[in-house]
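K.L.:
3D model of this:
(4 chains)
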There are 2 protein chains.
Amino acid sequence: MARPSPAARATGHEVLAAVLQVRGGRLQVLAWQRALPPHPGRWALPGGRLRDDEDVETSVRRQLAEKVDLREVAHLEQLSVFSDPDRVPGRTRLVATAFVGLVPSHVDPAVPADTAWHAVAAPPEPALPEPAFDHAAIVADARERLRAKLSYTNLGFALAPPEFTISALRELYAAALGHPVSATNLQRVLARRDLLAPTGAVAPPGPAGGRPAALFRFTDRALRVTDAFAVLRPPEAREG
Amino acid sequence: MARPSPAARATGHEVLAAVLQVRGGRLQVLAWQRALPPHPGRWALPGGRLRDDEDVETSVRRQLAEKVDLREVAHLEQLSVFSDPDRVPGRTRLVATAFVGLVPSHVDPAVPADTAWHAVAAPPEPALPEPAFDHAAIVADARERLRAKLSYTNLGFALAPPEFTISALRELYAAALGHPVSATNLQRVLARRDLLAPTGAVAPPGPAGGRPAALFRFTDRALRVTDAFAVLRPPEAREG
DNA sequence: CTCGTTTTCGCCCATCAGGCGAAAACAGGC
DNA sequence: GCCTGTTTTCGCCTGATGGGCGAAAACGAG
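P.N.:
Numbering: from 1, shown residues only, chains lettered A, B, ... in the order given. Next up, the predicted model:
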């Protein structure tokens, strides 16, 4: 079933990152436009070859630093390996470890001239228009991972500024999830899980007036999995 | 912070699989005992080098076929990449893509002489005793993945025979989860999610008598994620 | 027929997601 | 100062779901 093995071909390893941010009410991904073949003019994810002395996470952080200020990436996690032998044309075969990165909505990172944000399209469409190689599939995986983890972890902290109103948070979730989100329910769910804490301060009302909104922050700014998402819990988990 | 880069070092890619099965009421993992250095005498996961013309999934299936009958592996999925530069000593550096595989409890695969099943220890202990390289960490990841997915997917199908009683299924879940599971609750949860269907047949009672148990099967023998696990559902998800 | 065993089912409860509307708190205009 | 429109917040209700318990059902053995 495998085609005849070609003459020995060098194999390399690269890392790629789908860096996501909610910008202007839409989920967007950072990509740069290739100048040289292969795939000139098409949009690629930041990344590059794995060096001899670094592991994949160190590598992706190093390579991301060339595109954005790393202090602005609030969360970074491994997605999966893309390893189709023909995923990248060329003399050397490239196996890729893909990551998803998240940038809070309050920062607007400076990016190089060839780099720009692109809206991540909804499932039927390719997640990234005019993608280089298999990068559209990677973005689609990243979107799906974000969507899933938003509902059973505190991952919202990586999309939101340090302090925010419930309305603002609602818009972030709606953009990332791709469907409307009830502010009432969002606050209740997050609060019940002890992920949200009021700061005590309030935000000034908008130009149309209205009651000033209370400011909240996430209690934790590191990933925390909701224990309640595990059904068939052990019997002793009833305390607290 | 990185140590001085050594003289150019060849990099290779390997795949590894933590194949899990519930045997004798305990979760166990398939491993083989190394004969040659490095790490002679220690236990390693099945796997090997990625070939030029195969992707990682094809590769792990090929390599697993050398250890067990592949038709007996009911589920196989990518875990994550292990890429510490020093994870494997030697002239060539090896980056590993780890998989988790699941074998239903009703089969007892024929394995080579150097290969055996090992009980997967609970979290405080190393998941695999006398492990080669970083393979204990891979087994720990596999156990954790299984534990999580059992509660929000139908992954039980990959641990269970085609037909089973609720009691038998309860024991499988208890072994895989590492804590007691209520038969009543297990049946209710799986049934409510439409994952379980009665076959109509009953199993003969044990030697001590008792009411004969009804036989069930999973409605699906492919991975299905429970939609209910996603909190903050879209409004239109109310139908059905 | 009675007893012990195992399974199955019904009932109850607590928790949680989700929806809705009233009340609270502001700006602006009369 | 008061009224209106706007936005946020809170309380109440509902339905779904996980979890526990005990009674009833269905068997083998003496």
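
K.L.:
can you give me the strands for chain A?
P.N.:
A:11-23, A:26-33, A:43-44, A:47-49, A:75-82, A:93-102, A:115-119, A:196-203, A:213-218 (DSSP state E).

K.L.:
relative to DNA strand C, which of those strands is closest?
P.N.:
strand A:196-203 (6.7 Å; C-beta to the nearest atom of the strand). Any C-beta I mention is one placed from the backbone N, CA and C, and that applies to glycine too.

K.L.:
what lines up beside the closest one in the sheet?
P.N.:
According to DSSP bridges, strand A:196-203 forms sheet pairs with strand A:213-218 (antiparallel).

K.L.:
near DNA strand D at all, the strand it pairs with?
P.N.:
Yes: using C-beta under 7 Å from any atom of the strand, strand A:213-218 reaches DNA strand D at A:213-214.

K.L.:
mean pLDDT lowest for which of the strands of chain A?
P.N.:
The minimum mean pLDDT among the strands of chain A belongs to strand A:196-203 (a mean of 92).

K.L.:
could you dump it to CSV, C-alpha only?
P.N.:
C-alpha atoms of strand A:196-203 as CSV (Å, rounded to 0.1, in the frame of the first residue of the first chain):
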residue,chain,number,x,y,z
LEU,A,196,-14.1,34.6,39.0
ALA,A,197,-13.6,37.1,41.7
PRO,A,198,-14.9,40.7,41.9
THR,A,199,-12.2,43.4,42.2
GLY,A,200,-14.6,45.8,44.0
ALA,A,201,-14.0,48.5,41.4
VAL,A,202,-16.5,49.4,38.7
ALA,A,203,-16.1,50.5,35.1
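
K.L.:
who's in contact with it?
P.N.:
Contacts of strand A:196-203 with the rest of the structure, by C-beta atoms under 8 Å, 6 or more residues apart in numbering or on different chains, involve A:163, A:165, A:187, A:190, A:212-219.

K.L.:
between these, which is nearest B:D53?
P.N.:
Of all the contacts of strand A:196-203, the one with the least separation from B:D53 (C-beta to C-beta) is A:F218, at 46.8 Å.

K.L.:
distance of the closest residue to A:L94 other than its chain neighbours relative to A:E66?
P.N.:
With C-beta to C-beta, 6 or more residues apart in numbering or on different chains as the measure, A:V88 is the residue that lies nearest to A:L94, at 4.5 Å, once sequence neighbours are left out. Counting by C-beta to C-beta, to the nearest Å, the gap from A:V88 to A:E66 is 19 Å.

K.L.:
which one's more surrounded, these two?
P.N.:
Counted by other C-beta atoms under 10 Å in any protein chain shown, A:V88 and A:E66 do not tie: A:V88 has more neighbours, with 19 against 13.

K.L.:
just to revisit the earlier point, in the contacts of strand A:196-203, find the pair that's most separated.
P.N.:
Of all pairs in the contacts of strand A:196-203, the most separated under C-beta to C-beta is A:P212 and A:T219 at 22.4 Å.

K.L.:
how about the helices in chain A?
P.N.:
Secondary structure of chain A, counting by DSSP state H: helices at A:56-64, A:135-152, A:166-177, A:183-192.

K.L.:
thought A:R34 was touching A:V88?
P.N.:
No: using C-beta atoms under 8 Å, A:R34 makes no contact with A:V88, being 11.7 Å away.

K.L.:
neighbours of the residue of chain A found nearest DNA strand D, just the number please.
P.N.:
Nearest residue of chain A to DNA strand D: A:G210, at 2.3 Å (C-beta to the nearest atom of the strand). By the measure other C-beta under 10 Å, the count of residues near A:G210 is 9.

K.L.:
same question for A:Q33.
P.N.:
Applying other C-beta under 10 Å, we find 16 residues neighbouring A:Q33.

K.L.:
neighbours of the closest residue to it other than its chain neighbours, how many?
P.N.:
Sequence neighbours aside, A:D114 is the residue nearest to A:Q33 in space, at 5.1 Å (criterion: C-beta to C-beta, 6+ apart). Neighbourhood size, A:D114 [other C-beta under 10 Å]: 13.

K.L.:
next one: A:F229
P.N.:
A:F229, neighbours per other C-beta under 10 Å, totals 16.

K.L.:
repeat that for A:T184.
P.N.:
Around A:T184 there are 10 residues (other C-beta under 10 Å).

K.L.:
measure the closest residue in space to A:L223 that isn't next to it in sequence to B:A148 for me?
P.N.:
Closest residue to A:L223 apart from its sequence neighbours, by C-beta to C-beta, 6+ apart: A:T153 at 5.9 Å. Look at A:T153 and B:A148: by C-beta to C-beta, they are 12 Å apart.

K.L.:
compare neighbour counts for the two and give me the winner.
P.N.:
A:T153 (19 against 16).

K.L.:
these two touch, right, the more buried one and A:D227?
P.N.:
No: under the criterion of C-beta under 8 Å, A:T153 makes no contact with A:D227, lying 10.8 Å away.

K.L.:
in the helix or strand of chain A with the lowest mean pLDDT, what's buried?
P.N.:
Ranked by mean pLDDT, DSSP states H and E, the weakest helix or strand in chain A is strand A:196-203, scoring a mean of 92. Of all the residues in strand A:196-203, those buried under the rule 16 or more other C-beta atoms under 10 Å in any protein chain shown are A:L196.

K.L.:
what of stretch A:218-230?
P.N.:
Result for stretch A:218-230 [16+ other C-beta under 10 Å]: buried residues A:218, A:224, A:226, A:229-230.

K.L.:
any chance of TSV for those, columns distance to B:R23?
P.N.:
Putting these into TSV (distance: C-beta to C-beta, whole Å) gives the following:
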residue	distance to B:R23
A:F218	43
A:R224	34
A:T226	32
A:F229	29
A:A230	24
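
K.L.:
closest to B:L159 out of these?
P.N.:
A:A230 (17.0 Å).

K.L.:
what distance do you get for the closest one to B:L150?
P.N.:
With distances taken as C-beta to C-beta, A:A230 is found 9 Å from B:L150.

K.L.:
what is the burial count for the residue of chain A found nearest DNA strand C?
P.N.:
Going by C-beta to the nearest atom of the strand, DNA strand C is nearest to A:G209 of chain A, at 2.6 Å. Residues lying near A:G209 (other C-beta under 10 Å) number 7.

K.L.:
one more: A:G48?
P.N.:
14.

K.L.:
bridge partners for it, pull those for me.
P.N.:
Going by DSSP bridges, A:G48 forms beta bridges with A:V15.
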